[in-house]
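K.L.:
heads up, no residue letters with this:
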């Protein structure tokens with residue numbers, strides 16, 4: 001799990017050498033853009049205000065759960 005910094009930032013689709021290195025070593029990566037990430041409009045962006053550590057963490061854990069279910 002590698003959530004982006006922020007809270008108002010995003011994970012891009014650009015080339016990230018660190019991620020390539022981890023994938024080459026056999027790691028699986030989850031890099032979610034959770035509620036509050038930029039790029040989805042102002043409603044999701046502003047929704048995180050007052051809920052930092054709640055909505056963002058819940059989104060990350062949901063993403064992780066979905067990946068783990070797909071690995072079984």
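P.N.:
Thanks, I have the structure now. On a predicted model such as this, the values are computed, not experimentally measured, just so you know.
K.L.:
could you use CA atoms for every contact and neighbour count after this?
P.N.:
Fine.
K.L.:
count of neighbours near residue 26?
P.N.:
If you count neighbours by other CA atoms under 10 Å, residue 26 ends up with 9.
K.L.:
residues touching residue 38, list them.
P.N.:
8, 9, 10, 45 (CA atoms under 8 Å, 6 or more residues apart in numbering).
K.L.:
now do the contacts for the first one.
P.N.:
Residue 8 sits next to 36, 37, 38, 45 when contact means CA under 8 Å, 6+ apart.
K.L.:
okay, and the nearest residue to it once chain neighbours are set aside sits in which element?
P.N.:
Distances taken as CA to CA, 6 or more residues apart in numbering put residue 37 closest to residue 8, at 5.1 Å, once the chain neighbours are dropped. In the assignment (DSSP states H and E), residue 37 maps to no helix and no strand.
K.L.:
in this structure residue 37 contacts residue 44, no?
P.N.:
Yes - Residue 37 is in contact with residue 44 according to CA atoms under 8 Å; the separation is 7.4 Å.
K.L.:
between those two, which one's more packed in?
P.N.:
Per other CA under 10 Å, whichever of residue 37 and residue 44 has more neighbours is residue 37, with 24 against 15.
K.L.:
how much space between the more buried one and residue 20?
P.N.:
23 Å (CA to CA, to the nearest Å).
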